[in-house]
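**Student:** Return atomic coordinates for the entry below.
(chains A, B, C and D)
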Protein chains: 2
Amino acid sequence: MSKLSGTKKKIYDASVKLFAEKGYKATTVREIAKVVGIQQSAIYNHFKNKEAILDEIIDNLSNSHLINLFEDKEPKEIYKKGKSLLKQVSNMFKLISYDTKTDLLFRFMMQELFNNERLRIFYNEEFYQKNVKKLSIVFFMMMQDEMIESMDPLVLANEFFSPLFFYQLQIVRLKADNKSTAVAATLFEKHTDFFWDRIRIKNEKKDQLF
Amino acid sequence: MSKLSGTKKKIYDASVKLFAEKGYKATTVREIAKVVGIQQSAIYNHFKNKEAILDEIIDNLSNSHLINLFEDKEPKEIYKKGKSLLKQVSNMFKLISYDTKTDLLFRFMMQELFNNERLRIFYNEEFYQKNVKKLSIVFFMMMQDEMIESMDPLVLANEFFSPLFFYQLQIVRLKADNKSTAVAATLFEKHTDFFWDRIRIKNEKKDQLF
DNA sequence: GTCTATACAGAGATAGAC
DNA sequence: GTCTATCTCTGTATAGAC
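**Tutor:** Alright, predicted model coming up:
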C-alpha cells in the first residue's frame, strides 16, 4: 500500500483515522501528534504542513481496495461467471465496509467529498466511472452471450452499483454509532439475488412450466 | 418552513448555505455575518453561539421537503396508482436535487453526517427508516393486490430507495463542480422504468404471446 | 439591535538547542 | 529527528457605547 516507513507512516495512519472520524478541518496537528506519541512540531519534519498530509492520503486512495472491485481482471475473462461474478463484486463492497483500514478510507472520502475538489475527481473517475464502465462492459458481454436480457448496459450498471454503495454507506454510518450492522449487511446478498433473478434469461429447459 | 423573521432568518439562511458548501467547522461566524451584512458580534443577539445555529438547522430539517416523499398520504390511499406512484416518488428525489433550497439541506446533511450524532439520528429515522417503511407497506399492498410479484417488501423498498438516493448524491456532487447533471438526471426515470418492469405481474390478456 | 473594541483560546507553523 | 519555546493568525465570544 503506502510506501511510508517509521514515524511518517505513523503520522499518515493517525491522520487517516482522525480525518475519517472528525473531518480534516476539525482535526488538529496536536491531536495527530498525540496519537503518534510525538511533539506537535515534529510533524513538520515529515510533512511540509497539514495540507500535505491530506494530499498524500488522497494520492494514495488509488492504491487502496476502495476501487478494485474486479481485482484487475478484464471483463472478457470474467463475464461468463455470471451471477457469481456479481456476488463477488457485491462481496467486495461488504468486505470494504468491514475491513478496519479501508472503511476508514471510505468514511474519509464521504466525509471530505464536498470539501475537496481533488477528492471529488477521484470519487468520480476512479471510484464511480471506472467501476460502472467496467460493469457495463461485463453486462454488455452477458447480453451478447444471452445470459441476461438486453437493455442499456450503462443503466444496468448504475442500477447494480448504486444499492451496493448505499448499503456500504449505511454500514459505515451505523458503525459510527456502534450500532448493529447485521440487517444492513444482509442486503448486499439480497441485492445480488434480487437483481440477477430479474435480468437473467431463464433456461427454458428447466423452467418449462407452461 | 422556519418561522424566523428579519435578521435571524437571514443569519439562518446564510448559515445553511455556508455550512452546506464548506462545512460547519470551516465556516466562520464572520463569514456568516458578512453574507448577512452585519457585524460579526451582532450574530450573538440572535443566537446564543455558533452551535445554536447548527442545532436550529437540524431541528428544522423535519419540516423540509427532504423527507416527505409521499406528501403525507397514507399507503392504502395511493398504492393502487402503481407505477405512477413510484414515478412520483422518484420525481420527488429529482425535484429535491434541483430545488435551490432543499438541495442545500441535502448537501448539508451529507456534509455533516459523520460529525453530528443528532443529524445521524435524523438521517436514519426520518430520512431513511420512515420512508423505506412506508415504501415497504406500499409494496406489500401491491403484492396483496397482485400488481407486483411477492417477495420481501422491505428488501424491495431498499432496492427502490437506494438508487434514488445515490442519483441524488450524484447530482448534488456534480453541481458542486458546476458540471452538467443531464445524464445523471435521466437515471431517476430509467430506474423507475427498469424497476417496475421487473416486479410487475404482466397482464396475461395483453401479453399472451405463447 | 448594531456597532467598535477587545479579551481569550486554539491552531498552524518556525527557531534553535540537543 | 525530536524537543521546548514562541510567534502569529484566526476564530469565538463578551463588554459597553450608541
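
**Student:** Put the alpha carbons of the lowest-mean-pLDDT helix or strand in chain A into CSV.
**Tutor:** In chain A, no helix or strand scores lower on mean pLDDT, DSSP states H and E than helix A:75-78, which sits at a mean of 94. Backbone C-alpha positions of helix A:75-78 (Å, rounded to 0.1, in the frame of the first residue of the first chain) are rendered in CSV as follows:
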residue,chain,number,x,y,z
PRO,A,75,-14.3,-8.2,-18.5
LYS,A,76,-13.9,-10.8,-21.2
GLU,A,77,-12.1,-13.1,-18.8
ILE,A,78,-14.8,-13.0,-16.1
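
**Student:** other SSEs contacting it?
**Tutor:** helix A:130-144 (3 or more Cβ pairs under 8 Å, 6 or more residues apart in numbering or on different chains; DSSP states H and E). C-beta here means a position set from N, CA and C on the backbone, and glycine is covered the same way.

**Student:** before we move on, back to that, after the least confident helix or strand of chain A comes which helix or strand?
**Tutor:** Next helix or strand after helix A:75-78 toward the C-terminus (DSSP states H and E): helix A:83-98.

**Student:** Off-centre distance for that next one?
**Tutor:** 10 Å (Cα atoms, centre = their mean, to the nearest Å).

**Student:** how about the helix or strand following it, does it get close to chain B?
**Tutor:** Later in the chain than helix A:83-98, the nearest helix or strand by DSSP H and E is helix A:102-112. Yes. Helix A:102-112 comes into contact with chain B (Cβ under 8 Å from any Cβ of the partner chain), by way of A:Arg107, A:Met110, A:Gln111.

**Student:** any idea of the mean pLDDT for stretch A:53-67?
**Tutor:** In this model, stretch A:53-67 has an average pLDDT of 96.

**Student:** What of stretch A:187-200?
**Tutor:** Here the average pLDDT along stretch A:187-200 is 98.

**Student:** Mind giving me the packing neighbours of the longest helix seen in chain A?
**Tutor:** Counting by DSSP state H, the longest helix found in chain A is helix A:153-176. When contacts are defined as 3+ Cβ pairs under 8 Å, 6+ apart, helix A:153-176 packs onto helix A:83-98, helix A:102-112, helix A:130-144, helix A:182-199, helix B:153-176, helix B:182-199.

**Student:** by how many degrees do the third one and helix A:83-98 diverge?
**Tutor:** Orientation note: helix A:130-144 sits at an angle of 160 degrees relative to helix A:83-98 (axes from the mean of the first three to the mean of the last three Cα atoms, to 10 degrees).

**Student:** And A:His46, how close does it get to A:Tyr24?
**Tutor:** The gap separating A:His46 from A:Tyr24 is 17 Å, by Cβ to Cβ, to the nearest Å.

**Student:** Tell me which of those two has more neighbours.
**Tutor:** A:Tyr24 (23 against 19; other Cβ atoms under 10 Å in any protein chain shown).

**Student:** Does that one touch A:Leu54 like I think?
**Tutor:** Yes. Between A:Tyr24 and A:Leu54 there is a contact under Cβ atoms under 8 Å: 5.7 Å.

**Student:** so what's in contact with those two at the same time?
**Tutor:** Common contact partners of A:Tyr24 and A:Leu54 (Cβ atoms under 8 Å, 6 or more residues apart in numbering or on different chains): A:Glu112, A:Asn116.

**Student:** mind listing what's buried in the longest helix of chain A?
**Tutor:** A:153-176 (16 or more other Cβ atoms under 10 Å in any protein chain shown).

**Student:** In PDB, could you pull the C-alpha coordinates for the helix or strand A:Phe19 falls within?
**Tutor:** Using DSSP H and E, A:Phe19 falls within helix A:6-22. This file holds the C-alpha atoms of helix A:6-22, laid out as PDB (Å, rounded to 0.1, in the frame of the first residue of the first chain):
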ATOM      1  CA  GLY A   6       8.600   4.700  10.600                       C
ATOM      2  CA  THR A   7       7.200   7.900  12.100                       C
ATOM      3  CA  LYS A   8       6.000   9.200   8.800                       C
ATOM      4  CA  LYS A   9       3.800   6.100   8.400                       C
ATOM      5  CA  LYS A  10       2.500   6.500  11.900                       C
ATOM      6  CA  ILE A  11       1.600  10.200  11.200                       C
ATOM      7  CA  TYR A  12      -0.100   9.100   8.000                       C
ATOM      8  CA  ASP A  13      -2.200   6.300   9.700                       C
ATOM      9  CA  ALA A  14      -3.200   8.500  12.600                       C
ATOM     10  CA  SER A  15      -4.300  11.200  10.200                       C
ATOM     11  CA  VAL A  16      -6.400   8.900   8.100                       C
ATOM     12  CA  LYS A  17      -8.100   7.800  11.300                       C
ATOM     13  CA  LEU A  18      -8.700  11.300  12.700                       C
ATOM     14  CA  PHE A  19      -9.700  12.800   9.400                       C
ATOM     15  CA  ALA A  20     -12.200  10.000   8.800                       C
ATOM     16  CA  GLU A  21     -13.700  10.300  12.300                       C
ATOM     17  CA  LYS A  22     -13.700  14.100  12.800                       C
END
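
**Student:** for that helix, what is the average pLDDT?
**Tutor:** 98.

**Student:** ok, now how distant is A:Ser62 from B:Tyr12?
**Tutor:** 40 Å.

**Student:** ok, the helix holding A:Phe19 near DNA strand D or not?
**Tutor:** Yes. Applying Cβ under 7 Å from any atom of the strand, one finds helix A:6-22 in contact with DNA strand D at A:Gly6, A:Thr7.

**Student:** Buried residues, that helix. List them.
**Tutor:** Using 16+ other Cβ under 10 Å as the test for burial, helix A:6-22 gives A:8, A:10-22.

**Student:** Would you reformat those residues as TSV and include distance to A:Phe139?
**Tutor:** Shown next, in TSV, are the buried residues of helix A:6-22 (distance: Cβ to Cβ, whole Å):
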residue	distance to A:Phe139
A:Lys8	43
A:Lys10	43
A:Ile11	43
A:Tyr12	38
A:Asp13	38
A:Ala14	41
A:Ser15	38
A:Val16	34
A:Lys17	37
A:Leu18	40
A:Phe19	35
A:Ala20	33
A:Glu21	37
A:Lys22	39
